[in-house]
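Chemist: Give me coordinates for this.
(one chain, ligands or ions: 2)
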Amino acid sequence: MSEPVIRRTERADFVASSDPALQASADRGEVNLLSYRELYHLWERQQWSVQDIDFSRDRVDWHERISPDERFQRMYGLSSFFVGEQRVTAELGPMMRAAPTEDMRIFLATQIADEGRHVAFFDRFYSEVGIFEAEGVQERLAEAEAQVNPSFHELFDEMLRERVDRLASEPEDLEALVEAVTIYHMVLEGMLALTGQHFIIAYNEEQGTLPGFVEGFSNVARDEHRHVAFGSRFLREMAERDERYRTAISRTLEKVAPVAEQVLRPHWYEEGMPLFGYSLGEVRAFALKALERRLKAIGLVAVS
Ligand SMILES: [Fe+2]
Ligand SMILES: [Fe+2]
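Modeler: Ligands and ions are numbered 1, 2, ... in the order given. Here you go, the predicted structure:
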């Protein structure tokens, strides 16, 4: 694990979310999860602006300092994020409507705004840096979509969408909401997004590349910790309320986690190849450690 990343995730504004993955005490089952209202107040204090980011150095780095081979490799992670942010923005509406309390809905409304901002951030990065020839966000998204893995579609367009479609027609189905939050907040955001962010930001900091991207993507990561903190709180309350929901969380994780692991593995990946200077094993271990701490906080994994 590299120095700058440890410093960033120890920053007061990151730790403020109370995401169990950022608390070593979560290994012993000692976590203090924020309430939905406290998470909302944190959102009010953690605003940022896509239009304020300066990508001029990034444009030079991308075209003049990063080799064509490396651009190809970097594109897998970047495009998975760009398309992933678009998918989660689109799917959150029915989940918010199905949330059983007003405090949950107020927080989820802020999360919809965040996810829209994340799409706008990637779109501006792709456009200012000149990554594709395409004009317009739809066209850039279509180009990015050609670069993701088949398991990406299985995860977002089948597993997540199936639950969200169910919630759109049956918003009172709390078990479907528990499954959707398990996929969305625990797996997509907690395991995939925060892991990708950790390694991509660390690699750029080590290489001294893409400073505008690093600035914006660090803000995205801070937002994601807040979202996962919401998911941890929600799932802990549901697990405490009914054994049926505990079972639903475990059953969903068993089905979804193996597909998520395939998304961490680029389609061009060969065994032993480093990913941003790390092995695939290290990347997996990071994702699993974060999941384990959150599951302890939810009460699904016994504290050893
Ligand atoms: Fe996001
Ligand atoms: Fe998010």
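
Chemist: which one is H63 nearest to, not counting chain neighbours?
Modeler: Counting by CB to CB, 6 or more residues apart in numbering, H63 lies nearest to G130, which is 7.2 Å off, once chain neighbours are set aside. To be clear about C-beta, it is placed using only N, CA and C from the backbone, and glycine gets the same treatment.

Chemist: again but with G190, I slipped
Modeler: Leaving aside its sequence neighbours, G190 sits nearest to V228 (CB to CB, 6+ apart; 4.7 Å).

Chemist: you'd agree that neighbour is up against V187?
Modeler: No. Counting by CB atoms under 8 Å, V228 stays clear of V187, with 10.4 Å between them.

Chemist: ok, the closest residue to Q262 other than its chain neighbours - contacts?
Modeler: Nearest non-adjacent residue to Q262, counting by CB to CB, 6+ apart: S151, 3.7 Å away. Residues in contact with S151 (CB atoms under 8 Å, 6 or more residues apart in numbering) are V259, Q262, V263.

Chemist: which SSE is S151 in?
Modeler: Assessed by DSSP states H and E, S151 sits inside helix 150-153.

Chemist: got the buried residues for that helix?
Modeler: Applying a neighbour-count criterion of 16 or more other CB atoms under 10 Å, one finds S151, F152, H153 buried in helix 150-153.

Chemist: Redo those residues as CSV? Include distance to A134 and pLDDT.
Modeler: Shown next, in CSV, are the buried residues of helix 150-153 (distance: CB to CB, whole Å; pLDDT from 0 to 100):
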residue, distance to A134, pLDDT
S151, 25, 95
F152, 20, 95
H153, 20, 96
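
Chemist: Now G281. Its backbone dihedrals?
Modeler: phi -60, psi -40 (degrees, to the nearest 10).

Chemist: returning to what we had before: how near is the residue nearest to Q262 to L33?
Modeler: 31 Å (CB to CB, to the nearest Å).

Chemist: Also F122?
Modeler: 29 Å.

Chemist: more crowded one of these two?
Modeler: The residue with more neighbours, out of F122 and L33, is F122; 27 against 20, by other CB atoms under 10 Å.

Chemist: F81 is in contact with the more buried one, correct?
Modeler: Yes. Look at F122 against F81 with CB under 8 Å: they come within range, at 6.3 Å.

Chemist: what's Y278 sitting at in phi/psi?
Modeler: Dihedral angles (degrees, to the nearest 10) for Y278: phi -120, psi 160.

Chemist: Among the buried residues of helix 150-153, which one sits closest to ligand 1?
Modeler: F152 (15.0 Å; CB to the ion).

Chemist: pretty sure the closest one is touching F82, no?
Modeler: No. Taking contacts as CB under 8 Å, F152 lies outside contact range of F82: 11.6 Å.

Chemist: Find residues that contact each of these two.
Modeler: Residues touching both F152 and F82 (CB under 8 Å, 6+ apart): there are none.

Chemist: is it true that V181 touches R233?
Modeler: No. Judged on CB under 8 Å, V181 makes no contact with R233 at a distance of 10.1 Å.

Chemist: Ramachandran angles for the residue nearest to H63?
Modeler: Per degrees, to the nearest 10, the backbone of G130 is at phi 80, psi 50.

Chemist: Can you report how many residues neighbour the residue of the stretch 1-150 of the chain at minimum distance from ligand 2?
Modeler: In the stretch 1-150 of the chain, the residue that lies nearest ligand 2 is E115 (5.5 Å; CB to the ion). Using other CB under 10 Å, E115 is surrounded by 24 other residues.

Chemist: How about G77?
Modeler: For G77, using other CB under 10 Å, the count is 19.

Chemist: all numbers from here: first residue = 38
Modeler: Sure thing, new numbering starts at 38, so read that last one as G114.
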